[in-house]
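Student: requesting a structural model of the entry that follows:
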Amino acid sequence: MRLKLKSTVLPFYLVDQVVLQFNSQYYKIPDPTGKICELTRGLDGTRSLDALLSAVTTGCTADEATTISRIAHDFVEHRLVESVDHNIPVSLTLRDQQRFSRNIDFFGSMTQATENKFSYQEKLRDAKVCVLGCGGLGTHILFDLAATGVHHLTIVDFDKIELSNLNRQILLDTRRSVFYSVIPGVTGCVHCWMAAARKHNPLFETISIASKRDDITYAAPAPAFVTLVAVTAGMMISEAVKIITQCQPPQLTNKLKEFTFDDLSTAVAETWTRRPDCEVCAVH
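Tutor: Residues are numbered from 1 along each chain as shown. Have a look, this model is predicted:
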């Protein structure tokens, strides 16, 4: 497999050292003989790693060759190189490759040398996503889903547009938003969360009973602020991309995550597990 340095890795050839910049980090490699510079420049997609090492280590001592080989394999381990033989778009049009090039580079920064960075964008294009509710949060989510390249969107909303919606209103606390993920058949569902909340906080059950008894409909909208909605939507879309593409494990399953406007912090507010006797998600 022919390897090349990823386009997101920027090499700097300095006196007696090579510095690689990637993901806002710097990898400094001593290079008194210039061999690391030769190695890095040689990662141009024309040769396999073995062929490149054979050329670069010619005339080196055994210790020097071992060091160069170790550094080259570090490039592979730390995902700084990609295979030109594996990174071939299977079904993306040239227009999609150009339009979503930043997405593709983002996924490419995480892929191993043998993975195809284009496949993640293809998974987004082929995904079918249904958004329940097209209010303040829903509009942000729809915009971001389309921007990431999801082509198949179903929008469900029973309400009507009002003037007060235009600041991207959403039913959140004044300065706090909460969100979580549910993967059918894998994680606990909303009912599992509710059961855990009732168990851990008796007040939750008391309020729930009182709401039904007094027919509290929550018709009055809760206060909302557009920046809080935008941050929340961004986190939710990031989680959705992980679930759709499987580029990384999801981080919001079986937990309620919260973002606080006051200090811009995120924290886990509640956790739960999938209940084997759940009337909704348990296998019967």
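Student: what are the bridge partners for the closest residue to residue 28 other than its chain neighbours, then?
Tutor: Counting by C-beta to C-beta, 6 or more residues apart in numbering, the nearest residue to residue 28 once its immediate chain neighbours are dropped is residue 19, at 5.3 Å. For glycine as for every other residue, the C-beta is placed from the backbone atoms N, C-alpha and C. Beta-bridge partners of residue 19, counted by DSSP bridges, are residue 12, residue 28.
Student: tell me which element the residue of the chain most remote from its centre falls in.
Tutor: Within the chain, the residue lying farthest from the chain centre (C-alpha atoms, centre = their mean) is residue 59, at 44.8 Å. Counting by DSSP states H and E, no helix or strand carries residue 59.
Student: for residue 71, same thing?
Tutor: If you go by DSSP H and E, residue 71 is part of helix 62-77.
Student: same question, residue 266
Tutor: In this assignment (DSSP H and E), residue 266 forms part of strand 265-271.
Student: name the residues that touch that strand?
Tutor: Applying C-beta atoms under 8 Å, 6 or more residues apart in numbering, the set of residues contacting strand 265-271 from outside is 178, 193, 196-197, 200, 235, 254-260.
Student: what about 6 Å?
Tutor: With contacts defined as C-beta atoms under 6 Å, 6 or more residues apart in numbering, strand 265-271 is touched by 255, 256, 258, 259.
Student: quick one on the thing from earlier: distance of the residue nearest to residue 28 from residue 40?
Tutor: With distances defined as C-beta to C-beta, to the nearest Å, the gap from residue 19 to residue 40 amounts to 10 Å.
Student: the two: who's more crowded?
Tutor: residue 40 (24 against 14; other C-beta atoms under 10 Å).
Student: quick check: phi and psi at residue 128.
Tutor: The phi and psi values for residue 128, taken as degrees, to the nearest 10, are phi -110, psi 110.
Student: look up the pLDDT of it for me, please.
Tutor: Among the per-residue scores, residue 128 shows a pLDDT of 93.
Student: per-residue pLDDT of the nearest residue to it once chain neighbours are set aside, please?
Tutor: Across the structure, with C-beta to C-beta, 6+ apart as the measure, the residue nearest residue 128 apart from its sequence neighbours is residue 152 (4.4 Å). Among the per-residue scores, residue 152 holds a pLDDT of 92.
Student: also residue 210?
Tutor: Reported pLDDT at residue 210 in the predicted model: 74.
Student: for residue 204, see how far away it is.
Tutor: Noted for residue 210: a distance of 11 Å to residue 204, by C-beta to C-beta.
Student: so which of these two has more stuff around it?
Tutor: Under the criterion of other C-beta under 10 Å, the comparison of residue 210 against residue 204 puts residue 204 first, with 15 against 10.
Student: what helix or strand does the more buried one sit in?
Tutor: Counting by DSSP H and E, the element that carries residue 204 is helix 202-214.
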